[in-house]
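Peer 1: Give me coordinates for this.
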Amino acid sequence: MKDKTENKNLEISDSIVAEKEELLADSFKVLSSDLDLDAVIRNSLGIIFKRFQAEAACLFLIDLHNYKLKSCCAGSGSPDRMHILPLENESQIAGWDRVSRKPYLLDDLKEDSDFSRMVYNYLNFYPKSIIGIPLYKGGEFLGVIQAINSDKKHFTDKDLELLRVLAERVAITLRNAWILQEATRVSDEARSLYEVGIALSGSLELDELLDKILENLAKVIECDIAMIYLVDPEKGTINQIATRGLDDFPPDQLHLKIGQGICGRVAETGKGVIVSDVDKNSDYIACRTTTRSEMAVPLKVKDAVVGVLNVESDKKDAYKNHELELMNAFASLAAVSVERAKLHKQMLSARRLEHELAIARRIQKTFLPSGNPRIDGFDIAGLNLPSAEMGGDYYDFIPIVENQYGIAIGDVSGNGIPASLIMAAFRASLKAEIRNNFAIRAILNKVNNLLFESIERDRYVTATYGVLDCKNKIFTFSNAGHNHPILLRGSGDIQFLEEGGMALGIFANSTYEENSVFLKSGDIVLFYTDGVTEVKDEDEVEFGEQRLIDAVKASKQKSAAGIINYIIKEIEKFEKKRRFSDDITLIVMKTL
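Peer 2: Residues are numbered from 1 along each chain as shown. The predicted model follows:
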């Protein structure tokens, strides 16, 4: 067997240099065309077939969820026949135990009988010649890329050097694709987004809100200047209204036509851009001589572009796709604040409160489930009826892993737009922590601390969050100062789901207990907010908990949605005027 490693000097001719440049250009175009992880893998394998006349190609990738290697193999000269194979350890990669994560060229694979047999089983030929390069990005090992042939063609030192060039581009693209796919937020990013959400709940002053957005953006994205532009559709311009780090240009003196400059182009196309080198971008208009790279994203309300969020850096290639996604998150908050501020000014002249509450209700509605989940063994339904006075109710059904669903219901103290936006921030932090934690008590503890640090002391959130194990019919929950969900057993017995702790945001480091209940056929769990029991009749008598229990008992033979409809009818008969002072939110979970 003949092993050749990276330490061997390779004589690179002018033709090889040209081929490397051509390979870089072509691979950049192909690999940048789609950052979906599967697409990146297929495109990488496709380049190997095209450039190296390989009969097979392999990518051995680190699974960044568990840091174990897995392989993605393709054969017959096409990436379309791709097989994903589990690997127990690195030694299963051909030649890997002899080269210790270094580039390698092997001319005879007889000693790698396991690998040869695996290739034959899936690709129908025995491998003889192979070149492989480890994939690194920023010092982090991501896997190995290989080209494989039978006796028809043996690879050369030139092939190994070209594969090394390709591997560098593949490693970068794979890392970016994984970041994009995971779309996770580190803690400081999540906190900054959360603080912006809280800021939106406290003021309708546009300048104050946009300054807060730029302040928090600068904490998580390295930039030398940051700017926000608004679109003036009548004049066909974008006007700078907020800046950070750009003292030479007052915010109201920089105007661009839509389509002019990088920001004008973003306003025109509605698509975010990363400019790694502004000197090579014909759209760039210099407002400072030291800028080397730029990133800009649109501010959108539905499909309409209302502005542009822009950052610039004195370093080339300062921004990647992860920063672009994070910028889009900030831009969505900026767009909400811009739209709210515009609407606020319009509503000052007439019916300000009605319009404001209508906007908030539409925003709140987008945070609620679009439908009821379909879960084997269960009938689950939810409903939110907004009141004339905007509240802060929330409920959700959250798929976690196979056979497990999160069930959440919550209510913010007070009402109006501040309450609805605090609930939106609570929803975002809850979902972020659900991705990072499996223990319910840990999730509520983290969310509680975020709220405590960010909202005023007279504000708090009550909530119940639990996880339904639909396979074993176990519901594990914790109650954070919320109305106790009611468990009506099929036998008629009543149980309240009380275990938990304080409402969220009142005290720092509050602790929360968990408990589990086993659900049997015919059992019904009712979750509700205080708007249900606090409905009053004309004599100021509340509907109350007992009437609610009676309504559930009377309708227990109905579907989950039918039980909710029955409860609503009972409330309407009780209240008569059908004008509720608080949101009404209900979830019914019925075991089949």
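
Peer 1: Run a quick neighbour tally on the residue lying closest to Leu37 once chain neighbours are set aside.
Peer 2: Take Leu37 and drop its neighbours on the chain: the residue closest to it by C-beta to C-beta, 6 or more residues apart in numbering is Ala177, 4.5 Å away. Just so you know, the C-beta spots here come from the backbone N, C-alpha and C atoms, and that holds for glycine as well. Ala177 sits with 20 neighbouring residues when counted by other C-beta atoms under 10 Å.

Peer 1: Helix or strand for Ala177, just tell me which one.
Peer 2: Assigned by DSSP states H and E, Ala177 belongs to helix 157-182.

Peer 1: buried ones in that helix?
Peer 2: 157, 159-167, 169-180 (16 or more other C-beta atoms under 10 Å).

Peer 1: okay, and for the stretch 451-592 of the chain, where does confidence drop off?
Peer 2: For the stretch 451-592 of the chain, the stretches flagged by pLDDT under 70 are 577-579.

Peer 1: quick one: Asn436 and Ala442, what's the gap?
Peer 2: Relative to Ala442, Asn436 is positioned 9 Å away (C-beta to C-beta, to the nearest Å).

Peer 1: next one: the one helix or strand Leu214 maps to to chain centre, how far?
Peer 2: Using DSSP H and E, Leu214 falls within helix 206-220. Going by C-alpha atoms, centre = their mean, to the nearest Å, the spacing between the C-alpha centre of helix 206-220 and its chain's C-alpha centre is 21 Å.

Peer 1: buried set for the helix or strand following that helix?
Peer 2: Using DSSP H and E, the next helix or strand after helix 206-220 towards the C-terminus is strand 225-232. By neighbour count on 16+ other C-beta under 10 Å, the buried set for strand 225-232 is Ile225, Ala226, Met227, Ile228, Tyr229, Leu230, Val231.

Peer 1: neighbours of the closest residue to Ile398 other than its chain neighbours, just the number please.
Peer 2: Of all residues not flanking Ile398 in the chain, Gly406 sits nearest, at 3.5 Å (C-beta to C-beta, 6+ apart). Residues lying near Gly406 (other C-beta under 10 Å) number 18.

Peer 1: which residues does Gly406 contact?
Peer 2: Asp396, Phe397, Ile398, Pro399, Ile400, Ile434, Tyr465, Gly466, Val467, Leu468 (C-beta atoms under 8 Å, 6 or more residues apart in numbering).

Peer 1: go on, Leu383?
Peer 2: Leu383 neighbours (C-beta under 8 Å, 6+ apart): Ile564, Ile568, Ile584, Thr585, Leu586.

Peer 1: Which strand residues bridge it?
Peer 2: In this entry, Leu383 is beta-bridged to Leu586, by DSSP bridges.

Peer 1: Mind pulling up the pLDDT for it?
Peer 2: pLDDT recorded at Leu383 is 94.

Peer 1: Pretty sure Tyr104 sits against Pro134.
Peer 2: No. Look at Tyr104 against Pro134 with C-beta atoms under 8 Å: they stay out of range, at 9.3 Å.

Peer 1: still on that earlier bit, and the residue nearest to Ile398, helix, strand or coil?
Peer 2: Following DSSP: H, G, I helix; E, B strand; the rest coil, Gly406 is assigned to strand.

Peer 1: can you pull up the bridge partners for it?
Peer 2: In beta-bridge terms (that is, DSSP bridges), Gly406 pairs with Ile398, Val467.

Peer 1: could you measure it against Glu21, distance?
Peer 2: With C-beta to C-beta as the criterion, Gly406 and Glu21 are 51 Å apart.

Peer 1: Same check on Leu166?
Peer 2: Relative to Glu21, and taking C-beta to C-beta, Leu166 is found at 12 Å.

Peer 1: And for Phe367?
Peer 2: 50 Å.

Peer 1: between those two, who's got more neighbours?
Peer 2: Phe367 (16 against 11).

Peer 1: Can you name the residues that contact the more buried one?
Peer 2: Tyr394, Met423, Ala424, Arg427.

Peer 1: And these, which two are furthest apart?
Peer 2: Tyr394 and Ala424 (8.2 Å; C-beta to C-beta).

Peer 1: low-scoring pLDDT stretches of the stretch 101-250 of the chain, where are they?
Peer 2: 109-119, 121-123, 152, 179-204, 247-250.

Peer 1: Mind doing that once more with 50?
Peer 2: By pLDDT under 50, the low-scoring segments of the stretch 101-250 of the chain are 184-186.

Peer 1: next one: the stretch 301-450 of the chain
Peer 2: Looking along the stretch 301-450 of the chain with the criterion set at pLDDT under 50, you get 350.

Peer 1: Can you show me the strands along it?
Peer 2: 304-313, 374-375, 378-385, 393-401, 404-412 (DSSP state E, counting those that start in this stretch).

Peer 1: Select, out of those, the one closest to Phe28.
Peer 2: Between the strands of the stretch 301-450 of the chain, strand 304-313 lies closest to Phe28; by C-beta to C-beta that is 21.2 Å.

Peer 1: Noted, bye for now.
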